[in-house]
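Chemist: sequence first, then the predicted structure, then my questions.
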Amino acid sequence: MEVPASDITNVDSLQTKGLLGSDDGEVKSSGKKKGEKKIRKPRYAFQTRSQVDILDDGYRWRKYGQKAVKNNRFPRSYYRCTHQGCNVKKQVQRLSKDEGIVVTTYEGMHSHQIEKSTDNFEHILSQMQVYASF
DNA sequence: CGGATTTGACCTGCGC
DNA sequence: GCGCAGGTCAAATCCG
């Protein structure tokens, strides 16, 4: 699992459609228009070198879907935070060029604390390269 | 028993 | 107007 720090490549498969069902899974039927006054949904992309897609960052995730991407022969996994009031979404995708590279995209912010050791989370962050779309 | 996971189907949006 | 793509949700199932 040890990974060199020079294995991180730049993000090229970021498909920003700018279209999502809801910002945080709130109002979706009554609102014909979305809250344009609200802040945009923060999107953070992490590129990690791992052999498994299950990157435990310290939060609890529940897989809610899996779909294949065109640029990738590997399917993309969609995860959602199982916390109450925490509508954070996460998606994991593998690079078609390097299956050893896993791209984890976080959407939203956590309103609760991690159940795991922060030290461990910090260690994981050490392996991640942060790319903020905003 | 509860929680989590899986696959399929369905819906929406956009393009042509 | 229809088709395609992508994304989400739901039900069933399995595991602990």
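Modeler: The structure has been received and is ready for your questions.

Chemist: count of neighbours near A:K70?
Modeler: By other C-beta atoms under 10 Å, 7 other residues sit near A:K70. (C-beta placed from N, C-alpha, C; glycine too.)

Chemist: now check stretch A:90-100, is it near DNA strand B?
Modeler: No. Remark: stretch A:90-100 sits outside contact range of DNA strand B, by C-beta under 7 Å from any atom of the strand, the gap being at least 10.9 Å.

Chemist: double-check A:G85 against A:S111; I have them as touching.
Modeler: Yes. With contact taken as C-beta atoms under 8 Å, A:G85 and A:S111 are classed as touching, separated by 5.9 Å.

Chemist: what are the boundaries of the helices in chain A?
Modeler: A:118-127 (DSSP state H).

Chemist: what residues does it have near DNA strand B?
Modeler: Counting by C-beta under 7 Å from any atom of the strand, the positions of chain A adjacent to DNA strand B are A:L19, A:R60, A:W61, A:R62, A:K63, A:Y64, A:G65, A:Q66, A:K67, A:T82.

Chemist: do that again at 6 Å, thanks
Modeler: Chain A comes close to DNA strand B at residues A:L19, A:R60, A:R62, A:K63, A:G65, A:Q66, A:T82, as judged by C-beta under 6 Å from any atom of the strand.

Chemist: want to throw the residues you listed into CSV with neighbour count?
Modeler: Listed next are the residues of chain A next to DNA strand B as CSV, based on neighbours: other C-beta atoms under 10 Å:
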residue, neighbour count
A:L19, 5
A:R60, 14
A:R62, 9
A:K63, 13
A:G65, 11
A:Q66, 10
A:T82, 11
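
Chemist: perfect, that will be all.
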